[in-house]
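Novice: Model the following, please.
(one chain, ligands or ions: 1)
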Amino acid sequence: MKALVMNCSPVRNGATADIPGQFKAFIDRCTPWCNTHEPHAALSAGKKGYVVALRTGTSMRECQRIFESIEHFYGHLEVECCGSLGLCSVEYKDAVEQRRDEIIEFCNKICAFSEE
Ligand SMILES: Cc1cc2nc3c(=O)[nH]c(=O)nc-3n(C[C@H](O)[C@H](O)[C@H](O)COP(=O)(O)O)c2cc1C
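Specialist: Reported below is the predicted structural model:
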C-alpha cells in the first residue's frame with residue numbers, strides 16, 4: 001500500500017484568517033521536511049495528498065482558502081495534491097451524516113490510489 005498524506009481542517013474565523021492556528025503550528029513543526037531550506041529531510045517519493053475542509057457557513061470560498069494553503073504546504077513537502085473535499089453547512093455531526101455518499105466517494109478515490 002502506498003503512503004499518502006491527508007489533512008483535515010475546520011474553518012475558524014474565516015473572515016479574518018486562513019487556516020486555524022493549530023494547523024499552522026503543525027505546518028511550522030513540519031519545517032524540517034520542507035524544501036524551503038537545505039539540507040532538509042524528505043518524505044518518500046510519490047506521496048499523494050488529500051485535503052478535507054469543513055465549515056458551518058454556506059459558501060465554498062472559505063474552504064477554498066484552506067485548500068490553497070494546504071496545497072501550498074504540500075508543494076514544500078513535494079507531495080502532489082490529488083483531491084480535496086469541502087463540506088459547508090456543517091454545524092453538528094448529523095450534517096456530516098447527510099453527506100455520507102459524497103464522503104464515501106472521496107474515500108474510495110483515495111483507497112483506489114493506495115491499493116495501486
Ligand atoms: C472559534 C471558531 C470559529 C469558527 N469560525 C467559522 C467561520 O469563520 N466560518 C465558518 O463557516 N465556520 C466557522 N466555525 C465553525 C467550524 O468550521 C465548524 O464547527 C466545523 O464544521 C467543525 O469544526 P469543529 O468540530 O472543530 O468545531 C468556527 C468554529 C469555531 C469553534
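Novice: residue ranges of the strands in the protein, please?
Specialist: Using DSSP state E, the strands of the chain run over 4-10, 48-54, 80-87.
Novice: Least confident of those strands, on average?
Specialist: Among the strands of the chain, strand 4-10 has the lowest mean pLDDT, at a mean of 78.
Novice: Around the ligand, pick out the residues from the chain.
Specialist: Counting by Cβ under 6 Å from any ligand atom, the residues of the chain lying close to the ligand are 10, 11, 12, 13, 14, 15, 54, 55, 56, 57, 62, 90. For glycine as for every other residue, the C-beta is placed from the backbone atoms N, C-alpha and C.
Novice: farthest-separated two in those?
Specialist: Using Cβ to Cβ, the pair of the residues of the chain next to the ligand lying farthest apart is 15 and 90, separated by 17.4 Å.
Novice: other SSEs contacting the worst-scoring helix or strand of the chain on mean pLDDT?
Specialist: Of all helical and strand segments in the chain, the minimum by mean pLDDT, DSSP states H and E falls on strand 4-10, at a mean of 78. Counting by 3 or more Cβ pairs under 8 Å, 6 or more residues apart in numbering; DSSP states H and E, the packing neighbours recorded for strand 4-10 are strand 48-54, helix 61-77, helix 100-114.
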